[in-house]
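# Return atomic coordinates for the entry below.
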Amino acid sequence: MIDTQQSPRASARRHEILEHTATLVASLGYHRVRIADIARRCGTSTGTIHYHFPRREDLLQAALEHSFARAYARQRQTLREIPSSRDRFHALIELQLPTAERVREEWAIWAQIWAEAAVSAEVRAAHRSYYERWYRSVVGLVERGQRSGEFRPGDPRELARLFTSAADGAGIGILTGTSSMSPEQMRALLRGIVADALVPEPTEISAAP
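A predicted model of the protein is given here:
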């Protein structure tokens with residue numbers, strides 16, 4: 001079991017290991033990352049890696065969680081200062097576009113999680129937890145917009161499924177080089193969903209008291 005009462009130095013080393021492991025998972029693939037690769041990337045020994053993460057599987061799982069938590073924290077920090085629900089959705093779309101190196105890396109890790117979840121019950125359980133957090137965050141955005149009158153009434157879960165499914169498909173399309181999808185097309189697709197499925201028609205807005 002990993003000691004949760006770590007010294008600042010040990011905590012910093014653990015963070016470094018997770019950062020490098022996530023990068024290697026994105027670039028090499030989940031099953032091709034070796035402890036020796038991680039140690040070399042960190043400039044340390046394999047013994048040091050095993051000290052913090054006794055099993056390779058422990059490290060890979062922790063790296064996946066680290067990558068997701070990092071992206072989720074960035075999302076929360078960006079969106080919390082935006083008052084308009086529609087503008088929040090537009091900002092969320094920008095955060096999902098796999099253009100910046102860090103975001104593209106996170107999409108590559110997501111792809112690894114999806115592939116591994118198909119054959120591993122352990123990873124499937126972790127994936128379910130990660131995805132539920134992402135899905136619930138979108139549900140929360142829809143509910144917030146409905147309360148403020150920016151979004152039309154409806155089941156927020158259905159609207160969230162539409163948005164997250166479209167984002168996932170578009171992101172993977174870009175990552176795999178699908179000719180029919182680019183970051184600009186992904187932005188237009190997701191903004192179209194917000195405009196068509198979420199924002200009230202002008203007649204609905206004018207009829208509101």
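
# Can you list phi and psi of residue 180 for me?
Phi and psi for residue 180, reported as degrees, to the nearest 10, are phi -90, psi 0.

# Sorry, slip of the keys, the one I care about is residue 78.
Residue 78 adopts backbone torsions of phi -70, psi -40, taken as degrees, to the nearest 10.

# OK, contacts around it?
Counting by C-beta atoms under 8 Å, 6 or more residues apart in numbering, residue 78 touches 91, 95. C-betas here are computed from N, CA, C, even on glycine.

# Not counting its own residues, what contacts the helix or strand where residue 173 lies?
Per DSSP states H and E, residue 173 falls inside helix 156-175. Here helix 156-175 makes contact (C-beta under 8 Å, 6+ apart) with 89, 93, 96, 98, 104, 107-108, 110-111, 134-135, 138-139, 142-143, 146, 151, 180-183, 185-186, 189-190, 193-194, 197-198.

# Kindly check the end-to-end length of stretch 80-91 for me.
11 Å (C-alpha to C-alpha, to the nearest Å).

# Give me the buried positions along that stretch.
85, 86, 88, 89, 91 (16 or more other C-beta atoms under 10 Å).

# Ok, stretch 97-106 next?
Applying 16+ other C-beta under 10 Å to stretch 97-106 flags 97, 98, 103, 104, 105, 106 as buried.

# tell me the contacts of the residue lying closest to the first one once chain neighbours are set aside?
Distance criterion C-beta to C-beta, 6 or more residues apart in numbering; nearest residue to residue 97, sequence neighbours excluded, is residue 183 at 4.7 Å. Residues near residue 183 by C-beta under 8 Å, 6+ apart: 97, 98, 99, 174.

# where along this structure do the helices fall?
8-28, 35-42, 46-52, 56-79, 85-96, 101-117, 121-148, 156-175, 183-193, 202-207 (DSSP state H).

# From residue 174, how far off is residue 167?
Distance from residue 167 to residue 174, counting by C-beta to C-beta, to the nearest Å: 11 Å.

# about what we covered before: redo the contacts of residue 183 as JSON lines? Include pLDDT and distance to residue 48.
Output for those, formatted as JSON lines (pLDDT from 0 to 100; distance: C-beta to C-beta, whole Å):
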{"residue": "97", "pLDDT": "95", "distance to residue 48": "36"}
{"residue": "98", "pLDDT": "93", "distance to residue 48": "32"}
{"residue": "99", "pLDDT": "91", "distance to residue 48": "35"}
{"residue": "174", "pLDDT": "93", "distance to residue 48": "36"}
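
# Counting neighbours, what do you get for residue 93?
Neighbours of residue 93 under the rule other C-beta atoms under 10 Å: 20.

# Kindly apply the preceding question to residue 41 instead.
By other C-beta under 10 Å, 16 other residues sit near residue 41.

# try residue 124
Residue 124 has 15 nearby residues by other C-beta under 10 Å.

# Next, the residue nearest to residue 198 when sequence neighbours are not counted: phi, psi?
Leaving aside its sequence neighbours, residue 198 sits nearest to residue 151 (C-beta to C-beta, 6+ apart; 4.4 Å). The phi/psi pair for residue 151 (degrees, to the nearest 10) reads phi -110, psi 150.
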